[in-house]
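Asker: the following comprises the amino acid sequence and a computationally predicted model.
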Amino acid sequence: MPSYDQNNVFAKILRGELPAHKVYEDDKAFAFLDIMPRAPGHMLVIPKAPVRTFLDIEPDDLCHLIKTTQTIARAAVRVFAADGLTIQQFNEPAGGQVVFHLHIHILPRKNGVPLKPPASIKEEPAVLSDQALRLAAALRDK
C-alpha cells in the first residue's frame, strides 16, 4: 500500500496552511464543510492522526472518529431538517478515494432531492460560514 502523503489537502487543513469552515474539533478529530458539497451541510470528519485509509487507523482512534461522526450527524439532521443521511467512506483509488487522508462524509438528505455530482459546484463562502456557525452552535447545545 502507498504511504501517507504529508502534503495532501486535509493534512494542510490540519496544519492551518489551507482554510476550512470548521464545524467541530477535539484532540483526535476535526470536522469541516466540503467546499463542493453534494448536498447542503455536506461535511467531512477526519482524524488528526496522519492516516491514509480505514485500514491504517488505530482501533481506538477509529472508535472516536465514528462516535464523533454520529454526534455531528445528529446535529446535521436537526440543523438541516434532514429526512435522512448518507454516510460515505472510500479507500484507495479503486474504492473511490480522492484525498488520501481518511475521511468520512456526512450528507444530510431530503426526500426526493438527488445529490449533486461530486466536485461539481463550489459553494459560496458566506453560505458555508453560515452553515458552519449553525452546526457548531447545534453541537454546543446538544
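Answerer: Ah, there it is.
Asker: OK, contacts around the most centrally placed residue in the chain?
Answerer: Centrality entry for the chain: nearest residue to the mean C-alpha point is Leu44, 0.5 Å, by Cα atoms, centre = their mean. Contacts for Leu44 (Cβ atoms under 8 Å, 6 or more residues apart in numbering) come out as Phe10, Ala31, Phe32, Leu33, Asp34, His103, Ile104, His105, Ile106. Backbone N, C-alpha and C define where each C-beta goes, glycine included.
Asker: switch the cut-off to 6 Å
Answerer: Residues in contact with Leu44 (Cβ atoms under 6 Å, 6 or more residues apart in numbering) are Asp34, His103.
Asker: repeat that for Pro47.
Answerer: Counting by Cβ under 6 Å, 6+ apart, the residues that Pro47 touches are Asp61, Leu65, Leu102.
Asker: so in the chain, which helix runs the longest?
Answerer: When the chain is parsed with DSSP state H, its longest helix is helix 59-79.
Asker: show me how far it is from its chain's centre.
Answerer: What separates the centre of helix 59-79 from the centre of its chain is 10 Å, taken as Cα atoms, centre = their mean, to the nearest Å.
Asker: from here on, call the first residue 38.
Answerer: Done: numbering now begins at 38, and the last item shifts to helix 96-116.
Asker: following it, which helix or strand shows up next?
Answerer: strand 121-125 (DSSP states H and E).
Asker: what strands flank the helix or strand following that following strand, and is each parallel or antiparallel?
Answerer: Downstream of strand 121-125, the next assigned helix or strand under DSSP H and E is strand 141-146. Sheet pairing of strand 141-146 (DSSP bridges) gives strand 80-84 (antiparallel), strand 121-125 (antiparallel).
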